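*Asks:* Need a 3D model of the following:
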Amino acid sequence: MKSLTIQGAKILATGSAVPHVVLNNDQISQIVQTSDEWIFNRTGIKERRLLTGSNQSVADLAVIASMKALDKISMDPSEIDLIILATSSPNDLFGTASQIQSSIGAFNAVAFDLTAACSGFVLGLVTASQFLKNGSYSNILVIGADVLSKWIDWSDRSTCILFGDAAGAAILQSCSKDDNSILNFQLNTDGQYANHLSIPYKERVNSHPVLKLHQGSFNYISMNGKEVYKFAVSQVPLSILQCLNSLNMSVNDIDWLLLHQANERILKAVAEKLSIHSNKIISNLSKYGNTSAASIPLALDEALKENKISDNDIIVIAGFGAGLTWGTVIVRWKSF
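*Replies:* The predicted model follows:
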């Protein structure tokens, strides 16, 4: 049993991966009745990436993102104690994290999947920080990865224009309380609205003459876009304010607002409600669309590559989506 001395948690490195295949709005207009102008005006999306290769899965993208993060700090995979894979599109319903553990050579790590859709990476960060702060583990790999292209009805214009495939990873490490960068979090769930965004299970009766089992398979993504928009715009600002207030911080202390990349209208509406200038919004939505659990780590990794984020910047990270779930993590960035 390791020491339960309260410690801090910090993000050491990030990495990301996207498929090579690009599907732009003009190409989608050849699949369903739409146009580049219609899609962009309503979503802010110009193109998205799709994982189309034979036998390729979410694990392939997750492995690439993880290795990029490890390589940035020259960390041997054997130093990882825990792997948390946030995904809603595993290639095995029993879990995909263990496949990643094997593929990257993190043989000393415990590995498990966490399913919370577009809030998955936020919940993964919070879960990892708790293990680090209580001294259970020292180095944790948190991955957000989804390939929702496999669960889209490509004749449904309301969903096929939105989603893309990607993976993002972050390595978190325990540190002194003075060096802590995960300052606080706020998490919520309201299951009574779960049907607004789901991949429902479709049941059928087994035809076997003896076994009257109810078996089936999962359907395509189902979404009530108007209700999801209303939920996000009303609840996400409240979550952010509650998290800031618990730290005696204000909106003026925010250097960067990093929201789940769902829709440009949502990003702007949340920022406006908080009176945050648009130049503080981190967004790469136009290039990748909604990549679910991957969207936040992908955008964070790109912002770091572009040197947008400086030491001691305050980043407010908020995820929201199916469940319905939503949550905020406030980070004081520490350069690695």
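*Asks:* Just the endpoints, please. Distance across stretch 26-34?
*Replies:* 9 Å (Cα to Cα, to the nearest Å).
*Asks:* got the contact list for the longest helix anywhere in the chain?
*Replies:* Counting by DSSP state H, the longest helix found in the chain is helix 225-246. The contact list for helix 225-246, computed with Cβ atoms under 8 Å, 6 or more residues apart in numbering, reads 158, 184-186, 188, 193, 196-197, 250-251, 253-254, 259, 262-263, 265-266, 269-270, 273-274, 316, 318, 320-321, 324, 326-330. Quick note: C-beta positions are derived from backbone N, CA and C, even for glycine.
*Asks:* Repeat that for stretch 102-111.
*Replies:* Residues outside stretch 102-111 that contact it (Cβ under 8 Å, 6+ apart) are 59, 63, 66-67, 70, 77-85, 95, 97-98, 100-101, 141.
*Asks:* Next one: the closest residue to Arg48 other than its chain neighbours relative to Lys177, how far apart?
*Replies:* Leaving aside its chain neighbours, Arg48 sits nearest to Gly164 (3.0 Å; criterion: Cβ to Cβ, 6 or more residues apart in numbering). Per Cβ to Cβ, to the nearest Å, Gly164 is found 39 Å from Lys177.
*Asks:* before we move on, back to that, my read: the residue nearest to Arg48 touches Thr52, true?
*Replies:* No - counting by Cβ atoms under 8 Å, Gly164 stays clear of Thr52, with 11.9 Å between them.
*Asks:* Between the two, tell me which one has more neighbours.
*Replies:* Gly164 (29 against 13; other Cβ atoms under 10 Å).
*Asks:* Now that one, what are its backbone angles?
*Replies:* In terms of degrees, to the nearest 10, the main-chain angles of Gly164 are phi -140, psi 170.
*Asks:* which residues does it contact?
*Replies:* Gly164 touches 18, 23, 48-50, 148-149, 288-291, counting by Cβ under 8 Å, 6+ apart.
*Asks:* Kindly recompute the last result at 6 Å.
*Replies:* Gly164 makes contact with 48-49, 288-289, 291 under the criterion Cβ atoms under 6 Å, 6 or more residues apart in numbering.
*Asks:* quick one: it and Ser138, what's the gap?
*Replies:* As for Gly164, its distance to Ser138 is 34 Å (criterion: Cβ to Cβ).
*Asks:* do the same with Ile314
*Replies:* Ile314 is 25 Å from Ser138, by Cβ to Cβ.
*Asks:* just to revisit the earlier point, now render the contacts of Gly164 as JSON lines, adding neighbour count.
*Replies:* Formatted as JSON lines, the contacts of Gly164 follow (neighbours: other Cβ atoms under 10 Å):
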{"residue": "Arg48", "neighbour count": "29"}
{"residue": "Arg49", "neighbour count": "22"}
{"residue": "Tyr288", "neighbour count": "25"}
{"residue": "Gly289", "neighbour count": "30"}
{"residue": "Thr291", "neighbour count": "34"}
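*Asks:* what's the spacing between the nearest residue to Thr52 once chain neighbours are set aside and Ser198?
*Replies:* Among residues not flanking Thr52 along the chain, Val21 sits closest, at 4.9 Å (Cβ to Cβ, 6+ apart). Per Cβ to Cβ, Val21 is found 26 Å from Ser198.
*Asks:* Pick out whichever of those two has more residues nearby.
*Replies:* The neighbour comparison of Val21 against Ser198 (other Cβ under 10 Å) goes to Ser198, with 17 against 13.
*Asks:* for Ala318, what are its contacts?
*Replies:* Contacts of Ala318 by Cβ under 6 Å, 6+ apart are 236, 240, 259, 328.
*Asks:* What residue, apart from its backbone neighbours, is nearest Trp154 spatially?
*Replies:* Take Trp154 and drop its neighbours on the chain: the residue closest to it by Cβ to Cβ, 6+ apart is Cys160, 5.0 Å away.
*Asks:* Count the residues that sit near that neighbour.
*Replies:* Around Cys160 there are 20 residues (other Cβ under 10 Å).
*Asks:* Check the one 5 residues further on too.
*Replies:* Taking other Cβ under 10 Å as the neighbour definition, Asp165 ends up with a count of 29.
*Asks:* for Asn180, same thing?
*Replies:* By the criterion of other Cβ under 10 Å, Asn180 has 20 neighbours.
*Asks:* Could you do Ala262 as well?
*Replies:* Applying other Cβ under 10 Å, we find 27 residues neighbouring Ala262.
*Asks:* Which strands border the strand or helix carrying Phe320, and is each parallel or antiparallel?
*Replies:* If you go by DSSP states H and E, Phe320 is part of strand 314-321. Partners of strand 314-321 in the sheet, by DSSP bridges, are strand 256-259 (parallel), strand 325-332 (antiparallel).
*Asks:* That one to helix 225-246, inter-axis angle?
*Replies:* Angular relation of strand 314-321 and helix 225-246 on a 0 to 180 degree scale: 150 degrees, by axes from the mean of the first three to the mean of the last three Cα atoms, to 10 degrees.
*Asks:* The stretch 151-300 of the chain: helices as residue ranges?
*Replies:* Secondary structure of the stretch 151-300 of the chain (DSSP state H, counting those that start in this stretch): helices at 157-160, 225-246, 264-273, 285-288, 295-305.
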